[in-house]
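Q: Quick one, structure for this:
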Amino acid sequence: MIEKIVLNNKFFQKKYFGQIFLKNTNVINNIISSIYPKKNDLLFEIGPGLGALTIPMCGFINKLNVIDIDNDVINFFKKKNIYNKLNFYLKNVLHFDFLKFYLKNNKKSIRIFGNLPYNISTKLLIYLTNNHFIFQDLHLMFQKEVSKRILAHPNTKFYGRLSIISQYFFNINKIFDISKNCFFPIPKVNSTFLKFIPHKLFPNLLFDVNILSKITFEAFNKRRKILRHSLKKFFTEKDLFNLDINSQLRPENLSVKQYCLLTDFLIKKQLY
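A: Have a look, this model is predicted:
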């Protein structure tokens, strides 16, 4: 049976949607200050919840695009005086066509923010890399442990596939940590608020995120093995030598650029 918790006898928190709601006023104000919204920005909020960010944000902008999968959220906002400022999309954000929206709006850059449901946060970040060039920035909240993986550098225990793919597409900055006590129901973990600005680090290299994903999956699936063994499916020891990559290293020892060199090599190998 799906659990629901009654909030103020008006709204049902649905655990299967991963809903938790921000309640700390100082945190809310700091988030909005970090986003620094302007009235004509093309802003999307993912998962508005009970409007902790939505309602004050509407004081700064003309229109706010809101995406949520829960019909009860729409009904909740219909009773609010800011409802006329909302363009509401009842949809799974992982199926929302941001590129189509971008093209319909004369290629105006999109800004995204949200207190993400923990159960889709990493999937969503990877999904947004598909069309990273259409975004001005992303301001997103993650579990603190997930944020460590996103921000991690080579030669550290948190460095892995998520670090590499995220950092290829975005310049990422930690804004601040947020205590679990700033939410209700109180989750088991603390959160971190991150800012992502799209970039392209290595424009001279051929790149395919699916190939990068395959390489990093193979490497980090055998994290304790040296590259000569973990990546033998794709590269010979001579290949690695020619790329100036030490075959005796482990997956966490390579930089984002080195993984992109491997991707470039594999694309050319398949092409020619």
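Q: Which residue of the chain lies farthest from its centroid?
A: Taking Cα atoms, centre = their mean, the residue of the chain most remote from its mean C-alpha position is Lys238, at 36.2 Å.
Q: ok, the nearest residue to Asn62 once chain neighbours are set aside - how many residues close by?
A: Spatial nearest neighbour of Asn62, chain neighbours left out: Lys39 (5.2 Å); criterion: Cβ to Cβ, 6 or more residues apart in numbering. For every residue, glycine as well, the C-beta is placed using N, CA and C. Lys39: 9 surrounding residues under other Cβ atoms under 10 Å.
Q: Next, the contact list for Lys39, please.
A: 60-62 (Cβ atoms under 8 Å, 6 or more residues apart in numbering).
Q: Need the phi and psi values for Asp137.
A: Dihedral angles of Asp137 (phi, psi; degrees, to the nearest 10) stand at phi -170, psi 160.
Q: Skipping adjacent residues, who's closest to it in space?
A: Nearest to Asp137 is Ile197, by Cβ to Cβ, 6+ apart, at 5.2 Å.
Q: try Ser191
A: Ser191 sits nearest to Ile178 (Cβ to Cβ, 6+ apart), 4.4 Å away.
Q: Check what pLDDT that neighbour gets.
A: Ile178 is assigned 96 on the pLDDT scale.
Q: thought it was touching Met141?
A: Yes. In this structure Ile178 lies within contact range of Met141 using Cβ atoms under 8 Å: 7.0 Å.
Q: I'd assumed the residue nearest to Asp137 was in a strand, is it?
A: Yes. Using DSSP: H, G, I helix; E, B strand; the rest coil, the assignment for Ile197 is a strand.
Q: and it, what are its bridge partners?
A: Asn171 (DSSP bridges).
Q: All further residue positions should be reported with the first residue as 863.
A: With the count now opening at 863, the last piece we talked about shows up as Ile1059.
Q: so what's it up against?
A: Taking Cβ under 8 Å, 6+ apart, one finds 998-999, 1032-1035 in contact with Ile1059.
Q: can you do 10 Å?
A: By Cβ atoms under 10 Å, 6 or more residues apart in numbering, the contact set of Ile1059 is 994, 997-1000, 1031-1035.
Q: for Ile894, same thing?
A: Per Cβ under 10 Å, 6+ apart, neighbours of Ile894: 915, 918-919, 921-922, 975, 1001.
Q: Which of those residues fall within strands?
A: Filtering the contacts of Ile894 for membership in strands, criterion DSSP state E, returns 975, 1001.
Q: tell me, what's touching Ile1040 and Met1003 both at once?
A: 884, 889, 893, 977, 1053-1055.
Q: Including neighbour count, could those residues go into a markdown table?
A: Shown next, in a markdown table, are the shared contacts of Ile1040 and Met1003 (neighbours: other Cβ atoms under 10 Å):
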| residue | neighbour count |
| --- | --- |
| Leu884 | 20 |
| Val889 | 21 |
| Ile893 | 23 |
| Asn977 | 27 |
| Ser1053 | 27 |
| Thr1054 | 20 |
| Phe1055 | 22 |
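Q: With respect to Phe1064, which of the residues you listed is nearest?
A: Thr1054 (26.9 Å; Cβ to Cβ).
Q: ok so the closest one is a strand residue?
A: Yes. Under the criterion used here (three-state DSSP), Thr1054 sits inside a strand.
Q: returning to that earlier point: for the residue nearest to Ser1053, what are phi and psi?
A: phi -130, psi 120.
Q: Against Leu1128, how distant is it?
A: Per Cβ to Cβ, to the nearest Å, Ile1040 is found 39 Å from Leu1128.
Q: for Asn886, same thing?
A: From Asn886 to Leu1128 the distance is 47 Å (Cβ to Cβ).
Q: For Lys1062, report the pLDDT, please.
A: So Lys1062 comes in at 79 (pLDDT).
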